[in-house]
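Novice: coordinates only, sequence not included:
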Ligand SMILES: Nc1ncnc2c1ncn2[C@@H]1O[C@H](COP(=O)(O)OP(=O)(O)O)[C@@H](O)[C@H]1O
Ligand SMILES: [Mg+2]
């Protein structure tokens, strides 16, 4: 069954002079798939992810998530949708510097009415899975790039979202760490997670089941 | 959410304690300013009301005197008491003049040298003394015990709408003393003395001015909260006052040496003339002024002058208004400054920590809640400064010089201003966060 169905997605930036970032992009994604989006820098990859996660406002086209027409959601509903369905991972980790690794990972849970004991358990399990159990008291500044990215992944999966979006997750890492992150993604995929990974690295794309190519804001055949 | 609030507060204390405490101090000062303006506003309003109620469109005159204290002593000397009595009677009986002479003074109870002084009476007087002066200035001396008293004329109760709760008010005969022997003067006590006296109780060895000891008899009590407007149009609460009839003497008080007896002298005391007021409708001013001057010269008091008094109260009111304007201006300025200050700090926090707030939003925290987190420090500052303000108020209330009164209205306005400001920065914060370009911030690498 399709998890998302996107048709003819378009997006412009800039207020006075409109700069087109997407000019009609299609994709479908089945539940449990692990898909790479590849393209040159500036081709619109991040824009696609930001529209899928609702970080950017939708502009033109169609976007169905399961049975929900995402174009119909209000700002508030979109935020709620994101909270319940999507985990996002960024190239530069997007961790909160004042928070410890533990607090960063626990952040998505802090808004739900979950007892602190259960939060602790969930964070420990996620940390265990990603091999960062010993780092929970550290601050992001004290982490290596690979450790920081694993923290970010732990945070993204802690709520067991239906869709995980990663924007160049290995872009800031050396090759060895990049490979470790990819093996983490592979494991998540094996466990049944649905993942979309944006990259311009063919090696990363080769780890995925299928690759969607994008060029100048359009699908490249 | 609570966990996030705690984390946010922890950040405040770990990164800028000092600024936090300074802000609390600044806001406390603002509370004091608001309180001062509020009190000023209320005071001016009361004063305005009092001026309107006691003068309205009437003119009030007081009697003043040319010359210095030697003139005063000569005019009101004991030898002159007979003349003063005639003047007083002429003024109070002339149908074309409204002559009023209720005055506020102290009633003395003393003194240790008096052999008939009964020390057993002292505790009760002492108690009167203590509770009689909860507010206001008093000179305390072991040998003097004084009670606040109003020497009321016949119009006191009716003109000021002062009502009796228990017992009776004064009758015409209460104002007249027929004989210098065995004088018992009826008094009405304020509601505050109800637990000390009952109707029929006698108070021995009281002194009106320098008169020999006389006996007072409690004939009634005033209703709680009774008040009247004094000669300066100031509202006087009567709960801790004793109302004494401003007596006249109906016997011949002239002694062999040509002076008058103490009671006659006290009854036609200068106070009665100097503190009196002559009231008239604005239209009748010229007529009344002329008549009073006639009476002055008829009874040989060419030194006495009539001067308009209602002007004084109006000038006082005008000054109060000006002071109030200044204090309101200063307070408004402070409030505007504070508004700008907290808007800037909200702006600054969102700019500085925009990554954090974008991450919050990324994880599904609504803009409203983020705005709350942004402004949690300001909320805490408001809370602390309000608490500090009330604590200061409680601590300083024991030091009379530093005691700043606190009115219910001040509390209400401080809280409403705080809530309004919080609402404002809440909205501002929400707007500002919504405008942040999340996708670029989250992609940033510092
Ligand atoms: N917030 C933005 N404001 C203006 N232009 C943007 C913004 N984000 C992206 N763009 C433009 O949109 C195009 C696509 O950008 P992006 O999706 O980031 O590409 P990629 O992630 O593939 O490198 C680029 O030309 C970029 O300059
Ligand atoms: Mg990109």
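Specialist: Yes, it's here. Everything numeric in this text was worked out from a predicted model, so none of it was measured. Ligands and ions are numbered 1, 2, ... in the order given.

Novice: from the contact counts, what lies against the helix or strand containing residue B:188?
Specialist: If you go by DSSP states H and E, residue B:188 is part of strand B:184-189. Judged by 3 or more C-beta pairs under 8 Å, 6 or more residues apart in numbering or on different chains; DSSP states H and E, strand B:184-189 is in contact with strand B:202-207, strand B:214-222, strand B:242-245. Every residue, glycine included, has its C-beta placed from N, CA and C.

Novice: which one of those lies closest to chain A?
Specialist: Of all the helices and strands packed on strand B:184-189, strand B:214-222 sits nearest to chain A, with 61.5 Å by C-beta to the nearest C-beta.

Novice: what are the contacting residues of that closest one?
Specialist: Under the contact criterion C-beta atoms under 8 Å, 6 or more residues apart in numbering or on different chains, strand B:214-222 has outside partners B:162-170, B:183-191, B:193-194, B:197-208, B:238-239, B:241-244.

Novice: which of the helices and strands packed on strand B:184-189 sits most buried?
Specialist: Comparing the helices and strands packed on strand B:184-189 by mean neighbour count (mean count of other C-beta atoms under 10 Å in any protein chain shown), strand B:242-245 ranks first with a mean of 25.

Novice: counting contacts, what elements does the next helix or strand after it pack onto?
Specialist: Downstream of strand B:242-245, the first helix or strand assigned by DSSP H and E is strand B:248-249. Using 3+ C-beta pairs under 8 Å, 6+ apart, the elements in contact with strand B:248-249 are helix B:81-93, strand B:176-177, helix B:262-267.

Novice: which residues sit against the second one?
Specialist: With contacts defined as C-beta under 8 Å, 6+ apart, strand B:176-177 is touched by B:183, B:185, B:247, B:248, B:249, B:250, B:251, B:263, B:267.

Novice: deepest of the helices and strands packed on strand B:248-249, which one?
Specialist: Neighbour counts (mean count of other C-beta under 10 Å) averaged over each of these peak at helix B:262-267, with a mean of 22.

Novice: show me just the buried residues among the contacts of strand B:214-222.
Specialist: Among the contacts of strand B:214-222, those classed as buried by 16 or more other C-beta atoms under 10 Å in any protein chain shown are B:162, B:164, B:166-167, B:169-170, B:183, B:185-191, B:193-194, B:197, B:203, B:205-208, B:238-239, B:241-244.

Novice: hmm, the helix or strand where residue B:30 lies touching chain A?
Specialist: Secondary structure from DSSP H and E places residue B:30 in helix B:17-55. No: for helix B:17-55, no contact with chain A is found by C-beta under 8 Å from any C-beta of the partner chain; the gap never falls below 15.2 Å.

Novice: list the buried residues for that helix?
Specialist: Within helix B:17-55, the residues scored as buried using 16+ other C-beta under 10 Å are B:20, B:23-24, B:27-28, B:30-42, B:44, B:47, B:50-51, B:54-55.

Novice: to the chain's geometric centre, what's the distance from that helix?
Specialist: The chain centroid and the centroid of helix B:17-55 are separated by 15 Å under C-alpha atoms, centre = their mean, to the nearest Å.

Novice: residue A:44: what's it in contact with?
Specialist: A:11, A:21, A:22, A:25, A:214, A:216, A:217.

Novice: pairing partners for the helix or strand in which the second one is found, with directions?
Specialist: Assigned by DSSP H and E, residue A:21 belongs to strand A:19-30. Looking at strand A:19-30 with DSSP bridges, its partner strands are strand A:2-13 (antiparallel).

Novice: which parts of the strand it pairs with are buried?
Specialist: A:3, A:4, A:6, A:9, A:10, A:11, A:13.

Novice: and the two most separated of those residues?
Specialist: With C-beta to C-beta as the measure, no two of the buried residues of strand A:2-13 lie farther apart than A:3 and A:13, at 27.1 Å.

Novice: good, wrapping up.
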